[in-house]
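> structure for the following, please:
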Amino acid sequence: MEMLLNPLVLLTNFVLVPGLAYGSQLALGALGVTMVYAVLNFSNFSHGEVMSFGAMITILATYWLQSIGMSISPLPTVLWALPFGILGAIGLCLLLDRLVFRFYRQQRASSVTYLIVSIGLMFVIGGVIRFIIGPDDRNFNDGDRFLLKARAFKEMSGLSEGLAIKSSQAITVITAFIVVAALFWFLNRTRTGKSMRAYADNEDLALLSGINPDRVVIITWVITAGLATVAGTLYGLDKSYKPLVYLHLVLPIFAAAIVGGVGNPLGAIIGGFIIAFSELLLTFAYKKVAAYLFGEGFFGDGLLQILSTDYKFAVSFLILVVVLLVKPTGIFSGKSL
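Below is the predicted model of the structure:
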């Protein structure tokens, strides 16, 4: 029995649990991209830097709260500081819309124009972030590190392999579930959410129905900023905060949105988990799993790894290319807020 349970625990420890956490982070990021595309009808490539900006404000607020002795131990103080980051990201998004995006919206600019503008803003926001907080890694998790420790699991189960669940992973999955549930409730149950869906489906008909487009735009940016801040903060909490990493996160986030069907919230969530588990399954070294199942040295001295972890983001790109070739509209066939 142990021959089967040990590799199962090993896969749970290094694939399932991290995949759920990483998938939740990508899902929240992809939801932000989806909201902008569905309602405002353009792909915002600066979304990764909005995540980074929101996380940066949250971290600075965390440092301030720690300096005055405020904490919510055993939970990390960053949860207490999250509203500050959300407000900062909302301010940034509304400022960018006021100064940049509104002009192009009034001009009914092409999607290519929006693409170029958002890429430009991506580099500007990234530069501001690195000027304020610097380029270095920052670990701001001051709560309990583990919900379940490997040694404790070994003692309980009697197995050779231990299962460790970090507190940040549990917080990520629970928070993502609450945020997603609240978003779907808002979009489907509230008058404002229904107005946003109507505006996304048919802008001209929505205007004739008396829906205020400026209000819809503001609410869209508020929701997007909130999702971006939560996603960026949870990613930094689970791993560590480094501004340049968020620039690279744009690829898996957009891959998740496109795989699920860009513009479709449910598709963004499923796409996030598809990308996360694909990256982990293709870069995991199966040598120890094979040793439990077939005996030591059965497959030689290799790591039994399909791809090196250096090519993790290449997995997202590969999946993105395949989906665009096979089914460009994604799993849920594109725009449908």
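> any idea which helix or strand carries the closest residue in space to residue 28 that isn't next to it in sequence?
Excluding the flanking residues, the one nearest residue 28 by CB to CB, 6 or more residues apart in numbering is residue 231, at 3.7 Å. (Each C-beta comes from the backbone N, C-alpha and C, glycine too.) Using DSSP states H and E, residue 231 sits within helix 213-238.
> buried sites along that helix?
216-238 (16 or more other CB atoms under 10 Å).
> can you check stretch 240-253 too?
Quick answer for stretch 240-253 (16+ other CB under 10 Å): 241, 242, 243, 245, 246, 247, 249, 250, 251, 252, 253.
> where are the low-confidence patches of this protein?
The chain contains residues with pLDDT under 70 at 298, 333-337.
> and the strands in it?
Ranges of strands in the chain, per DSSP state E, are 146-148, 165-166.
> let me have the ones you listed in a markdown table, adding distance to residue 260 and mean neighbour count as columns.
As requested, the strands of the chain are exported to a markdown table (distance: least, CB to CB, whole Å; neighbours: other CB atoms under 10 Å):
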| stretch | distance to residue 260 | mean neighbour count |
| --- | --- | --- |
| strand 146-148 | 29 | 15 |
| strand 165-166 | 26 | 20 |
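> can you redo these as JSON lines with distance to residue 212?
As requested, the strands of the chain are exported to JSON lines (distance: least, CB to CB, whole Å):
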{"stretch": "strand 146-148", "distance to residue 212": "45"}
{"stretch": "strand 165-166", "distance to residue 212": "44"}
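> figure out which of those strands is closest to residue 17.
Of all these, strand 165-166 sits nearest to residue 17, with 5.8 Å by CB to CB.
> so which elements touch that closest one?
strand 146-148 (3 or more CB pairs under 8 Å, 6 or more residues apart in numbering; DSSP states H and E).
> partner strands of the strand it packs on, with direction?
Strand 146-148 pairs in its sheet with strand 165-166 (antiparallel), by DSSP bridges.
> what residues does the strand it pairs with touch?
17, 21, 145, 146, 147, 148, 238 (CB atoms under 8 Å, 6 or more residues apart in numbering).
> and with 6 Å instead?
Applying CB atoms under 6 Å, 6 or more residues apart in numbering, the contact partners of strand 165-166 are 17, 146, 147, 148.
> please apply the same query to stretch 205-220.
35, 39, 195, 196, 198, 199.
> from the residues you listed, which land in helices?
35, 39, 195, 196, 198, 199 (DSSP state H).
> ok, now which ones touch the first one?
By CB under 6 Å, 6+ apart, residue 35 lies in contact with 220, 223, 224.
> same thing but at 8 Å, please
220, 223, 224, 227, 265, 337.
> what count of nearby residues applies to residue 16?
Using other CB atoms under 10 Å, residue 16 has 15 other residues around it.
> relative to residue 26, how far out is it?
Counting by CB to CB, to the nearest Å, the gap from residue 16 to residue 26 is 16 Å.
> equivalent analysis for residue 232, please.
For residue 232, the distance to residue 26 - CB to CB - is 12 Å.
> pretty sure the residue nearest to residue 28 contacts residue 51?
Yes - Residue 231 is in contact with residue 51 according to CB atoms under 8 Å; the separation is 5.5 Å.
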